[in-house]
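>>> my questions concern the predicted model and sequence given below.
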Amino acid sequence: MSAESRVIRADRAKEILVLEKTVNIKIAASILSADFGRLAEQVAEAEAAGADYIHVDVMDGCFVPNITIGPLVVEAVRRATRLPLDVHLMIEAPERYLARFCEAGASLLTVHVETCPHLHRTVQQIEELGCKAGVTLNPATSLSTLEEILPFVDQILVMTVNPGFGGQAFIESMLPKVRRLRAMLDGAGARAEIEVDGGIDAETAPRVVAAGAQVLVSGSAIFGAADGIQQAITRIRKAI
Ligand code: DX5
Ligand code: ZN
């Protein structure tokens, strides 16, 4: 084989690798920005538009300054879709409610490291209940808090806004944090996927993917889109 065709082959291989990575990127539609009066309909629309997960934000008015939904709404969403439910617990002492959310139909439960002094036990409890386990950290929380838990979790969520509300601006300094987490996971050979949450739209999506994120949570850019859910998801998908 000539040197020239070897270069072409190597370029093709790189292209295929990039393509495979992009195809495997998942979109998690966050119902926080949905119309709750038409929740089942909006969830079904997101599924038909190609969302991979439905992301459910649970807030208690203590850990974050907002109150949202509980297990009853998760049950209703479970009935409205076949997609996995990615349940983000922004609540103090989440271990009190793990069983309730699993029974309600959660596929993956994510807890904040800031709320879990016994994080290893909490992650074990989630797995014993038959759910996938995710851990997440606020923008100001260091990646070093994840070091010991890395091998035990399915997903790590990097908050790219301060949790509590939809529609906030993406925090730029979270991009190098995602890159550092990518390197940490690759270095440790850990299986966990990197998810990002907050300010994700067609502009920020390709940038977080380039930094190493694999699951993109998006709320207002999907459910608040003037041209509808279908167009919004297609726009994010095309951008990555
Ligand atoms: C914020 C929530 C997010 C929220 C993101 O605390 O965790 O899931 O829905 O909303 P957008 O995509 O509008 O920033
Ligand atoms: Zn969330």
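Nice, I can see it. Ligands and ions are numbered 1, 2, ... in the order given.

>>> can you give me the buried ones in the helix or strand where residue 74 lies?
Using DSSP states H and E, residue 74 sits in helix 71-80. By 16 or more other CB atoms under 10 Å, the buried positions in helix 71-80 come out as 71, 73-74, 77-78, 80. (C-beta placed from N, C-alpha, C; glycine too.)

>>> for that helix, name the packing helices and strands.
helix 39-48, strand 53-59, strand 85-90, helix 98-104 (3 or more CB pairs under 8 Å, 6 or more residues apart in numbering; DSSP states H and E).

>>> dump that helix to CSV, restricted to CA.
Extracted in CSV, the C-alpha atoms of helix 71-80 (Å, rounded to 0.1, in the frame of the first residue of the first chain):
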residue,chain,number,x,y,z
PRO,A,71,-43.0,10.0,42.6
LEU,A,72,-46.6,10.5,41.5
VAL,A,73,-45.6,12.5,38.4
VAL,A,74,-42.8,10.0,37.7
GLU,A,75,-45.5,7.3,37.6
ALA,A,76,-47.5,9.4,35.1
VAL,A,77,-44.5,10.0,32.9
ARG,A,78,-43.7,6.2,33.1
ARG,A,79,-47.1,5.5,31.6
ALA,A,80,-46.6,8.1,28.8
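
>>> surely residue 125 meets residue 95?
Yes: Residue 125 lies in contact with residue 95 (CB atoms under 8 Å); the separation is 6.2 Å.

>>> quick one: which of these two has more around it?
Set side by side, residue 125 and residue 95 show more neighbours around residue 125, with 19 against 15, by other CB atoms under 10 Å.

>>> for that one, what are its contacts?
Residues near residue 125 by CB atoms under 8 Å, 6 or more residues apart in numbering: 95, 98.

>>> how much space between it and residue 233?
The gap separating residue 125 from residue 233 is 33 Å, by CB to CB, to the nearest Å.

>>> repeat that for residue 36.
Distance from residue 36 to residue 233, by CB to CB: 19 Å.

>>> of these two, who's got more company?
Higher neighbour count among residue 36 and residue 233: residue 233, with 23 against 11, using other CB under 10 Å.

>>> what's the closest non-adjacent residue to that one?
Spatial nearest neighbour of residue 233, excluding adjacent residues (CB to CB, 6 or more residues apart in numbering): residue 49 at 4.2 Å.

>>> the one you found against residue 223, yeah?
No: look at residue 49 against residue 223 with CB under 8 Å: they stay out of range, at 11.0 Å.

>>> and the two? Which one has more around it.
residue 223 (22 against 18).

>>> mind listing what that one touches?
For residue 223, counting by CB under 8 Å, 6+ apart, the contacting residues are 29-31, 33-35, 42, 46, 229, 232.

>>> in whichever strand or helix holds residue 235, what's buried?
In this structure, residue 235 sits in helix 229-239 according to DSSP H and E. Of the residues in helix 229-239, 229, 232-233, 235-237 count as buried by neighbour count, 16+ other CB under 10 Å.

>>> ok, back up a step: give the contact list for the residue nearest to residue 233.
229-230, 232-234 are the contacts of residue 49 under CB under 8 Å, 6+ apart.

>>> okay, which residue is most central for this protein?
residue 195 (3.9 Å; CA atoms, centre = their mean).

>>> wait, residue 129 sits on residue 106?
No: using CB under 8 Å as the test, residue 129 is too far from residue 106 to be in contact (9.0 Å).

>>> between these two, which has more neighbouring residues?
Between residue 129 and residue 106, counted using other CB under 10 Å, the more crowded position is residue 106 (28 against 15).
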